[in-house]
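> the following comprises the amino acid sequence and a computationally predicted model.
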Amino acid sequence: MIKKLVLAWAVLVMTVGLSRAQEEAVWIQVEAQPNLATATQRARDYAAALPDVNGFSLGGGWYGVALGPYARTDAEQVLRVYRSEGVIPRDSYIALSSSFRQQFWPVGANVLNRGVVQAPTGTTPAPAPETPVVETPAPPPPDETPAQAQRSERQLSRAEREQLQIALKWAGTYQGAIDGAFGRGTRNSMAAWQERKGFDVTGILTTKQRAVLLKDYNSVLDGLGLETVRDDTAGIEMMLPTDVVQFDKYEYPFAHYTSSGQIEATVLLISQAGDQTTLFGLYDIMQTLDVVPLDGPRERKNSSFVLVGEDANRVSETRVALEDGMIKGFTLIWPAGDEERRTRLIDEMEKSFVRLAGVIPPEASTPEQAVDLISGLEVRKPRLSRSGFFVDRRGTVLTTAEAVQSCTRLTLDTETEAELAVLDDARGVAVLKPTSALAPLAVARFSDRAPRLNSEVAASGYSFEGVLGAPSMTFGTLSDVRGLGGETDLARLTMETLPGDAGGPVLDSGGGVLGMLLPEAQSGRALPDGVRFALDRETLQDVLAQAGMAAAITNSGTPIDPIDLSTEATGMTVLVSCWD
């Protein structure tokens, strides 16, 4: 009987000991991060200076960095020492294992359910002296009770209450309106956030918990060096990421702040005198700049505009307003894929934006000038430009197939969007239709007379791919009505042209269109100087028929004045541009 009692007592002691060991296995949570990459880097940073560093998923897209596991008394001592030495944040706290999910640091480790480890040397209390001096350390101040938290909550302004809702929405626990009213939805989101962070779940945030929430919310801006910058030349004061960009130059109407580190970012402060016409002109000009990608929402009002452009590499957002005869605003250009930080940053920039006296003077510029630069910024340029010509009054265009290959966007005369209606690769012809109405100065009329060998011909085209802003005329002769291999759909010309002329019309001396000028290279071979080919009129008429159109015909047997010929030819010629 005694043996049975002893055995039962031993089992009870072991059971209680195991339960106590399990109960006392606690952690010191030092940080929470909203993405795995940042959390891994922070865990690596802590591990370089401290022992027992671990990283766990917290759920909801959050990741925590924690020290341990320690017995609770050891954890409390480690927490006090590390706090006093400043090696962990002041808001670090004791967390239970139930707060954590899968371990991500150290890689491959799984220590969540193991026993406690020895507290680090230097954090455990020293042995008591033989004659102990009773000195009870002051316990850490207790957190507020729900009633106390609710009383402190009543002292918050509406803006402060809305900021907490914004932070809860950012944390992923709140989906309601930002109205500063702490109803059932807000309380439930607070409770969900408390459960995730390992706090007592009450649905009422204490002063300390509100500080932790806002610290987490603002941590996305860490490392940007967000500081107020006053630019008296631009007449603007605002928050800028000073660890990311630095002042470069003034190019009226912009102050350029360019990348100073690893983040390829740019900030432009916009400042100029003007009225609504000036504002609308700036809106149009900025959309031609390379720093404003084509895709993205745009909104123009009577006295302000917002421009957002995005592509695979960057996002550009511009916010500008007209007040008291001064147009002021800013552009933030930020790498794509970092949307959470970008949107937070641009909100902070806008909230801090202050208008000061004065604007950037027009003379505040560097001497650098070029036709493809506006205020020191590159103008967006097409990948390739060729010529084309109008074949009806609605603005339908015939052009070379070379002009439309692998394009994400097609334009006519740079501004009007066009759609590909027909592509005949075998013949090297494309038919384009504008997306908005056009009013051509002239329309091609195809000659109904057989071309004469050695007769004079003229070609109209954008020889320099739009740099000159108008088409040029090139004159030559018709050398043969067949290609070098006997092709009956080609005409050989003796003429000197440039690549941009391809796709333009070839006319006889009476103004009738004989064909379309083809690119200089044929079948992969470069042609000799002075030798060019045109696709003949019958082939072009056949391609138009594929688009459901009939070509206009003219009797061009009577030569016309060269000036009238040039007016007719250039009036029907259009610049066709292919954009990436």
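That came in fine, so what should we check first?

> and the residue nearest to the spatial centre of the chain, how far is that from residue 161?
The chain has residue 315 as the residue nearest its centroid, 2.0 Å off, counting by CA atoms, centre = their mean. Note on residue 315: its distance to residue 161, by CB to CB, to the nearest Å, is 31 Å. Where C-beta positions appear, they are placed from N, C-alpha and C, glycine not excepted.

> could I get the full set of helices for this protein?
Applying DSSP state H to the chain gives helices spanning 2-24, 36-47, 72-85, 146-153, 158-171, 184-197, 207-218, 276-286, 339-352, 537-546, 562-572.

> quick one on the thing from earlier: who does the residue nearest to the centre of the chain bridge with?
On the basis of DSSP bridges, residue 315 is bridged to residue 310, residue 334.

> quick one, grab the pLDDT at it.
For residue 315, the pLDDT comes out at 95.

> OK, contacts around it?
Neighbour list for residue 315: 293, 296, 308, 309, 333, 334, 335, 336, 339, 342 [criterion: CB atoms under 8 Å, 6 or more residues apart in numbering].

> filter these down to the buried ones and hand me the PyMOL line.
Buried members of those, defined by 16 or more other CB atoms under 10 Å, are picked up in PyMOL with:
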select buried, resi 293+308+309+333+334+342
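
> and of the contacts of residue 315, the nearest to residue 543?
residue 293 (33.7 Å; CB to CB).

> distance check, the closest one against residue 547.
32 Å.

> kindly reformat the contacts of residue 315 as a markdown table containing distance to residue 463.
Formatted as a markdown table, the contacts of residue 315 follow (distance: CB to CB, whole Å):
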| residue | distance to residue 463 |
| --- | --- |
| 293 | 29 |
| 296 | 34 |
| 308 | 36 |
| 309 | 31 |
| 333 | 34 |
| 334 | 39 |
| 335 | 39 |
| 336 | 37 |
| 339 | 44 |
| 342 | 43 |
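
> ok, of the contacts of residue 315, which one's closest to residue 193?
residue 339 (22.0 Å).

> find the nearest non-adjacent residue to the closest one, please.
Nearest residue to residue 339 in three dimensions, chain neighbours excluded: residue 315, at 7.3 Å (CB to CB, 6 or more residues apart in numbering).

> what's the answer for residue 399, then?
Nearest non-adjacent residue to residue 399 (CB to CB, 6+ apart): residue 388, at 3.3 Å.

> who are the contact partners of the one you found?
Counted by CB under 8 Å, 6+ apart, residue 388 has contacts 397-400, 403, 412, 432, 503-504, 573-576.

> now, which of those sits nearest residue 497?
Distance to residue 497, by CB to CB, is smallest for residue 504 among the contacts of residue 388, at 8.5 Å.

> count the neighbours of that closest one for me.
34 (other CB atoms under 10 Å).

> ditto for the one 5 residues further on
As a burial measure, the neighbour count of residue 509 was computed by other CB under 10 Å and equals 18.

> excluding residues flanking it in the chain, which one is nearest it?
Excluding the flanking residues, the one nearest residue 509 by CB to CB, 6+ apart is residue 559, at 4.1 Å.

> my guess is that neighbour contacts residue 458. True?
No. Checked against CB atoms under 8 Å, the pair residue 559 and residue 458 is beyond contact range at 11.2 Å.

> the more surrounded of those two?
With neighbours defined as other CB under 10 Å, residue 559 and residue 458 compare such that residue 458 has more, 21 against 14.

> these two touch, right, that one and residue 564?
No. Applying CB under 8 Å as the test, residue 458 and residue 564 come out as separate, 11.6 Å apart.

> residues contacting residue 401?
Residue 401 neighbours (CB under 8 Å, 6+ apart): 423, 424, 425, 427, 428, 429, 430.

> check residue 551 too.
391, 444, 446, 537, 540, 541, 544.

> next, count neighbours for residue 183.
Neighbours of residue 183 (other CB under 10 Å): 10.

> for the stretch 451-580 of the chain, which spans come out with low pLDDT?
The stretch 451-580 of the chain contains residues with pLDDT under 70 at 522-526.

> swap the cut-off to 80 and go again
For the stretch 451-580 of the chain, applying pLDDT under 80 flags the ranges 466-469, 484, 521-529.

> cool, the stretch 251-400 of the chain as well?
364-376, 378.

> any buried residues in stretch 279-293, and which?
With burial defined by 16+ other CB under 10 Å, the residues of stretch 279-293 counted as buried are 279, 282, 283, 286, 289, 291, 292, 293.

> using CSV, list the CA coordinates for that stretch.
C-alpha atoms of stretch 279-293 as CSV (Å, rounded to 0.1, in the frame of the first residue of the first chain):
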residue,chain,number,x,y,z
LEU,A,279,-2.9,74.0,-65.5
PHE,A,280,-4.6,72.1,-68.4
GLY,A,281,-1.5,72.5,-70.6
LEU,A,282,0.7,71.0,-67.8
TYR,A,283,-1.8,68.1,-67.6
ASP,A,284,-1.4,67.4,-71.3
ILE,A,285,2.4,67.9,-71.3
MET,A,286,3.0,65.6,-68.3
GLN,A,287,1.3,62.7,-70.1
THR,A,288,3.9,62.9,-72.9
LEU,A,289,6.7,62.4,-70.4
ASP,A,290,8.5,59.0,-70.0
VAL,A,291,8.1,59.2,-66.2
VAL,A,292,4.3,59.0,-66.6
PRO,A,293,3.5,55.5,-68.1
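
> let me see the residues that make contact with that stretch.
With CB under 8 Å, 6+ apart as the criterion, stretch 279-293 contacts 253, 266, 268, 270, 272, 274, 298, 300, 303-305, 307, 309-311, 314-316, 318, 320, 322, 327, 331, 333, 374, 377-381.

> how about stretch 86-98?
25-31, 46, 49-50, 64, 66-67, 69, 72, 75-76, 79, 82-83, 112-113, 198, 208, 211-212, 215.

> please list only the buried members of these.
By neighbour count, with 16+ other CB under 10 Å, the contacts of stretch 86-98 hold 25-31, 46, 50, 64, 66-67, 69, 72, 75-76, 79, 82-83, 112, 198, 208, 212 as buried.

> domain assignment for the protein?
According to automatic domain parsing, the chain is divided into the following domains: 20-125, 148-221, 226-378, 384-579.

> winner for burial among those domains?
domain 384-579 (a mean of 19; mean count of other CB atoms under 10 Å).

> show the end-to-end separation of that domain, please.
7 Å (CA to CA, to the nearest Å).

> cool, stretch 479-491 as well?
Stretch 479-491 has an end-to-end distance of 8 Å (criterion: CA to CA).

> give me the residues contacting that stretch.
Counting by CB under 8 Å, 6+ apart, 427, 451, 453-454, 478, 492-494, 506, 514-515, 518, 531, 533-536, 538-539 sit against stretch 479-491.

> at 7 Å instead, please
Here stretch 479-491 makes contact (CB atoms under 7 Å, 6 or more residues apart in numbering) with 451, 453, 478, 492-494, 514-515, 533-536, 539.
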